[in-house]
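# Sequence plus the predicted model coming up.
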Amino acid sequence: MVIHSYRHRVGNAPGEVRFKAVEEKLAKRPKIEVPATLLYRSDDFLGGAAPEVKQTERNLFPMLRARRVIPGAGHFLPREKAEVVAAALVELLGAMR
């Protein structure tokens, strides 16, 4: 199941029929209308992020507070750079006071 998930994510396998309705809903990309910080991994084998903020990100996250590409972080950002994730959460929550 995990291997199929990765294959599907990179476009090398069809999705599971039982998840079709959920995938269609997620494909519509509803706006996230709360303050947000985006953290991207620089060394993720599933694809990295461009260094600049994209218009699609601004459209999806209208209350975007920060966007960071984390050097040396791979696929499991919270495990690999827990201190960065925690600091971003504290920063975001502090800004909401």
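Noted; the coordinates are in hand.
# how many neighbours does residue 85 have?
Residues lying near residue 85 (other C-beta atoms under 10 Å) number 17. To be clear about C-beta, it is placed using only N, CA and C from the backbone, and glycine gets the same treatment.
# So for the closest residue to it other than its chain neighbours, what's the pLDDT?
Nearest in space to residue 85, with sequence neighbours left out and distances taken as C-beta to C-beta, 6 or more residues apart in numbering, is residue 78 at 4.9 Å. pLDDT for residue 78: 93.
# Can you report phi and psi for residue 78?
phi -60, psi -30 (degrees, to the nearest 10).
# For burial, what's the neighbour tally of it?
If you count neighbours by other C-beta under 10 Å, residue 78 ends up with 11.
# What residue in this protein is the furthest from its centre?
residue 97 (24.5 Å; C-alpha atoms, centre = their mean).
# Outside of the one helix or strand residue 40 maps to itself, list whatever touches it.
Taking DSSP states H and E as the definition, one finds residue 40 inside strand 36-41. For strand 36-41, contacts defined as C-beta atoms under 8 Å, 6 or more residues apart in numbering pick out 48-49, 57, 61, 63-70, 73-75, 77, 80, 84-85, 88-89, 91-92.
# for the longest helix along the chain, which positions count as buried?
In the chain, with assignment by DSSP state H, the single longest helix is helix 82-95. Buried residues in helix 82-95, counted by 16 or more other C-beta atoms under 10 Å: 84, 85, 88.
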